[in-house]
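Peer 1: model this:
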Amino acid sequence: MIQAPELTGVVMSNLFWLTKEQMERLRPFFPKSHGKPRVDDRRVLSGIIFINRNGWRWCDAPREYGPPKTLYNRRKRWSDMGVFARMMVGLASEGGEDKVVMIDATYLKAHRTASSLRAKKGGQTISAGG
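Peer 2: As a prediction, this is how the structure comes out:
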């Protein structure tokens, strides 16, 4: 089993993925808190980003980000509510430099028999013309 690295003694500011200014830009996209105040959105969002970026399990999240159940529940709830999608659309619509982004999709998986299509059993090759 892979364990999360021990982060005891690490300054919490080194664990934040977003600055205070970036969080202020995102604040309008967060749902309103009803009833009990939420724990620090910046800390929780940083934990969600950390887990997604590293491909770890929720239970392996460093404890400085808060309880893994909080991270998972917040990510699930916000995803279901479309919070992350609204963030992306909202930030993209703020404008900026016009760019063209191209993604190369040349990585293709071939079937395991694809490399042997030109060879016939017994060592004889099949010509392309016949």
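Peer 1: show me where this protein dips below the pLDDT cut-off.
Peer 2: For the chain, applying pLDDT under 70 flags the ranges 1-13, 96, 103, 105-130.
Peer 1: at 90 instead, please
Peer 2: 1-20, 22, 31-40, 53-54, 88-130 (pLDDT under 90).
Peer 1: residue ranges for the helices of it, please.
Peer 2: Using DSSP state H, the helices of the chain run over 20-26, 41-54, 68-81, 83-93.
Peer 1: which of those sits closest to residue 33?
Peer 2: helix 41-54 (9.3 Å; CB to CB). For the C-beta atoms, the positions are set from N, CA and C on the backbone; glycine is no exception.
Peer 1: before we move on, back to that, out of the helices of the chain, which one sits most buried?
Peer 2: The highest average neighbour count among the helices of the chain, using mean count of other CB atoms under 10 Å, belongs to helix 41-54 at a mean of 18.
Peer 1: can you list the helices of the chain in TSV and add distance to residue 101?
Peer 2: What follows is these, written out as TSV (distance: least, CB to CB, whole Å):
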stretch	distance to residue 101
helix 20-26	21
helix 41-54	20
helix 68-81	24
helix 83-93	11
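Peer 1: so which of those helices comes closest to residue 35?
Peer 2: Comparing the helices of the chain under CB to CB, the one sitting nearest is helix 68-81, at 14.2 Å.
Peer 1: could you say what helices and strands that closest one packs with?
Peer 2: The helices and strands touching helix 68-81, judged by 3 or more CB pairs under 8 Å, 6 or more residues apart in numbering; DSSP states H and E, are helix 41-54.
Peer 1: got the CA coordinates for the helix it packs on in PDB?
Peer 2: Provided in PDB are the C-alpha atoms of helix 41-54 (Å, rounded to 0.1, in the frame of the first residue of the first chain):
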ATOM      1  CA  ASP A  41     -12.600  26.600   0.600                       C
ATOM      2  CA  ARG A  42      -9.000  27.300  -0.400                       C
ATOM      3  CA  ARG A  43      -7.600  24.500   1.700                       C
ATOM      4  CA  VAL A  44     -10.200  22.000   0.500                       C
ATOM      5  CA  LEU A  45      -9.900  23.000  -3.200                       C
ATOM      6  CA  SER A  46      -6.100  22.700  -2.900                       C
ATOM      7  CA  GLY A  47      -6.600  19.200  -1.500                       C
ATOM      8  CA  ILE A  48      -8.900  18.300  -4.300                       C
ATOM      9  CA  ILE A  49      -6.400  19.600  -6.900                       C
ATOM     10  CA  PHE A  50      -3.600  17.700  -5.100                       C
ATOM     11  CA  ILE A  51      -5.500  14.400  -5.200                       C
ATOM     12  CA  ASN A  52      -6.600  14.800  -8.900                       C
ATOM     13  CA  ARG A  53      -3.100  15.900 -10.000                       C
ATOM     14  CA  ASN A  54      -1.300  13.000  -8.300                       C
END
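Peer 1: alright, calling it a day.
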